[in-house]
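In: Just to be clear, the model below is a prediction. Sequence and coordinates:
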Amino acid sequence: MKFPPQALLVFATLLWGGNFVIGRAVAGDIPPITLAFLRWIVAFIIFFPIAYSRTKKEWPMLKKHFGAVLILALTGVATFNTLVYIGLHYTTSINASLMNSSTPIIIYILSFIFLKERLTKFQLFGTLLSLAGVLFIISGGLMESLLAFSFNKGDLIVLVAVICWSVYSLLIKKYAGKLPGYSTFLVTIALGALMLLPFTGYELLTTSQAITWGASTIGAIFYVGIIASIVAFLSWNTGVVALGANKAGIYLNFIPVFATIFAVLFLDEQLLMAQIIGGIAVIAGVFITTIKK
């Protein structure tokens, strides 16, 4: 049965929205670096038989651009989700998912700074509007917090994670015709897990938080390792190939929508007015940046 690309893109964002809520739900049951490490171990085991033959054939291409592959593994695998899981120990899944929506804006800023790409007036206005929305979210809509630079450290950690993902996205865009998708993903999973290994060991030896093994913890590991990684990845890539990257990018704005619904239903999180106003500003800013004329 063939699904429409729009349905696949919405399905992928639904699964990624669940990732934020799962990360928050098990914050007290498993340390964040350990969760990220186990996520990628599970993902590697599942994805290995799918991508191994391609990786073997395409290894010369990967070897040629191995420096870029290492940075992709560091930013997209080892760092992004790890920082998100750490941030979710201190902030809500609603805040984290709304912050994640600023990714296209961070990409525009990094492109302007490092790649010297010029911003159109729509991109500039959309960027400023989205950044204002981000500040509104992390300050809780309080001017005193902005003036005193008193922010939730979880929000700031998630913001650093978003910057890492933006670097990853820029590299993916730059090497789109040089690095094959499936084999690059498999190798970056392996490298990212290796990068996380010593930090996971250190965390388990030094943290006072022990892993609470149970159905919810095991289910969370399998969800983030299989559903949010492999299933979402394959759904998203199939949709992007069919619809195009520019049109597909808009669908990422569904992530905070689904994350908010799940957080309110399953975690009893409260949707605050500051989150609504800030979220609208962030997403509106992203839409404005896509205007061509």
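Out: Happy to help now that I have it. Owing to the predicted nature of the structure, the values given are computational and were not obtained by experimental measurement.
In: so where's the stretch 101-250 of the chain shaky on pLDDT?
Out: Within the stretch 101-250 of the chain, the segments meeting pLDDT under 70 span 145-150, 245-246.
In: ranges for the helices of it?
Out: Listed in chain order, the helices of the stretch 101-250 of the chain (DSSP state H, counting those that start in this stretch) span 103-114, 121-139, 143-148, 153-174, 181-206, 215-222, 232-243, 245-249.
In: Among those, which comes closest to residue 273?
Out: When the helices of the stretch 101-250 of the chain are compared by C-beta to C-beta, helix 121-139 sits nearest residue 273, at 10.0 Å. C-beta: built from backbone N, CA, C; applies to glycine.
In: Can you give me the buried ones in that closest one?
Out: Residues 122-123, 126-127, 129-131, 133-134, 136-139 are the ones in helix 121-139 that count as buried (16 or more other C-beta atoms under 10 Å).
In: Pick the one among those residues closest to residue 105.
Out: The closest of the buried residues of helix 121-139, once distances to residue 105 are taken by C-beta to C-beta, is residue 130, at 4.2 Å.
In: Surely the closest one touches residue 280?
Out: No: counting by C-beta atoms under 8 Å, residue 130 sits too far from residue 280 to count as a contact (10.5 Å).
In: for stretch 36-55, what is the average pLDDT?
Out: The pLDDT scores in stretch 36-55 average 96.
In: Identify each buried residue in it, please.
Out: Judged by neighbour count (16+ other C-beta under 10 Å), stretch 36-55 contains these buried residues: 36-44, 46-47, 51, 55.
In: So which of these sit within strands?
Out: Assigned to strands by DSSP state E, none of the buried residues of stretch 36-55 qualify.
In: follow-up on the earlier one: just so I know, which of the helices of the stretch 101-250 of the chain lies nearest residue 18?
Out: Nearest of those to residue 18, taken as C-beta to C-beta: helix 232-243 at 9.1 Å.
In: so what does that closest one touch, helix or strand wise?
Out: Packing partners of helix 232-243 (3 or more C-beta pairs under 8 Å, 6 or more residues apart in numbering; DSSP states H and E): helix 5-25, helix 245-249.
In: so how far is it off the chain centroid?
Out: Distance of helix 232-243 from the chain centroid (C-alpha atoms, centre = their mean, to the nearest Å) equals 16 Å.
In: Please save the CA atoms from that helix in PDB.
Out: C-alpha atoms of helix 232-243 as PDB (Å, rounded to 0.1, in the frame of the first residue of the first chain):
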ATOM      1  CA  ALA A 232      10.200   8.400  11.400                       C
ATOM      2  CA  PHE A 233      13.500   8.700   9.300                       C
ATOM      3  CA  LEU A 234      12.200   6.400   6.600                       C
ATOM      4  CA  SER A 235       8.800   8.100   6.500                       C
ATOM      5  CA  TRP A 236      10.300  11.500   6.300                       C
ATOM      6  CA  ASN A 237      12.900  10.700   3.700                       C
ATOM      7  CA  THR A 238      10.300   9.000   1.500                       C
ATOM      8  CA  GLY A 239       8.000  12.100   1.800                       C
ATOM      9  CA  VAL A 240      10.800  14.500   1.100                       C
ATOM     10  CA  VAL A 241      11.900  12.700  -2.100                       C
ATOM     11  CA  ALA A 242       8.300  12.700  -3.400                       C
ATOM     12  CA  LEU A 243       7.400  16.300  -2.400                       C
END
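In: got the angle for that helix vs helix 181-206?
Out: Relative orientation of helix 232-243 versus helix 181-206 (axes from the mean of the first three to the mean of the last three C-alpha atoms, to 10 degrees): 150 degrees.
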